[in-house]
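J.: Quick one: sequence plus predicted model below, questions after.
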Amino acid sequence: MGRKPIDADRRQKIVDATLNCIHKYGYQDTTVARICADAGLSTGNIHYYFGGKQNLLEEAMRSLLRDIRRKMVTSLNDADSPAERLAAILRSNFHPGIFRTDICITWLHFWAQAPHAGELARLEHVNRRRFRQNLLHEFVKLKSREEAEMLARQTVAMVDGLWVEKAQKNTTLTAQDAFGLVMEYVETRL
C-alpha cells in the first residue's frame, strides 16, 4: 500500500513555511524542525511526505514555477500581438505576488544549490529553457533569428539580474519598476 497523498492546503502550508524559513535563516540554517515549527506540523509529517530539506526546496521551486506559469497563461490570454505576448511573458516574472524579497532570496538559494543537486539542476534547466524559448518565439516574429536569440539571452539576463537585486536587503525595487525597466529595454531594441 502506497503513501496517502498530501492534501493541497497542507502542501501549500509547508511550501510557504519553507519559503519563510529560507528567507529568515538562509538555506544553510533552515532546518526541517524550523520549517515544521513555522508550519505548525510535526517533523514526522515533513519526513513522511518530503524526506528532507532538499526535497522541500525542490517542492517550493516547483510551486513557484507553477505559479509563474499560471500567471503567464492568464496574461497571454489577453495578448494579441508579439509585443503584447512579450509583455505578458515578462509581466508574469514580475507579478507582485511573485516578485517579492522572500521569494527572490529563496530563488538565489535555489540557483546556488542547483549545480550540486540533480533535481534542482533539472528544474533550473527546464525553467531557463522554457523562459528563453517563450521569449524567442515572440522575438523571431519581430527580428531576424540571430537578433532574436541575442535579445532573448539579454532579456533573460536582465530579468535574472533584477531578481538578484530584489533579493538584497533594503531594496526599493518594485515589481512595477522592474517590469518597466525590462519593457523599456525590449521596446528600445525592437
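T.: Thanks, I have it.

J.: and whichever strand or helix holds Leu151, what other elements does it pack with?
T.: Using DSSP states H and E, Leu151 sits within helix 145-166. Using 3 or more C-beta pairs under 8 Å, 6 or more residues apart in numbering; DSSP states H and E as the contact test, the elements touching helix 145-166 are helix 82-93, helix 101-113, helix 118-139, helix 175-189. Just so you know, the C-beta spots here come from the backbone N, C-alpha and C atoms, and that holds for glycine as well.

J.: Reformat those helices as CSV; add distance to Leu41, mean neighbour count and mean pLDDT.
T.: CSV is the format used below for the helices and strands packed on helix 145-166 (distance: least, C-beta to C-beta, whole Å; neighbours: other C-beta atoms under 10 Å; pLDDT from 0 to 100):
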stretch, distance to Leu41, mean neighbour count, mean pLDDT
helix 82-93, 31, 20, 94
helix 101-113, 19, 19, 88
helix 118-139, 23, 16, 92
helix 175-189, 31, 15, 96
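
J.: Mind checking those helices for the one nearest to Tyr48?
T.: helix 118-139 (18.8 Å; C-beta to C-beta).

J.: Next, the angle helix 175-189 makes with the closest one.
T.: Calculated by axes from the mean of the first three to the mean of the last three C-alpha atoms, to 10 degrees, helix 118-139 forms an angle of 50 degrees with helix 175-189.

J.: helices or strands up against helix 118-139?
T.: On a contact count with 3+ C-beta pairs under 8 Å, 6+ apart, helix 118-139 meets helix 53-76, helix 82-93, helix 101-113, helix 145-166.
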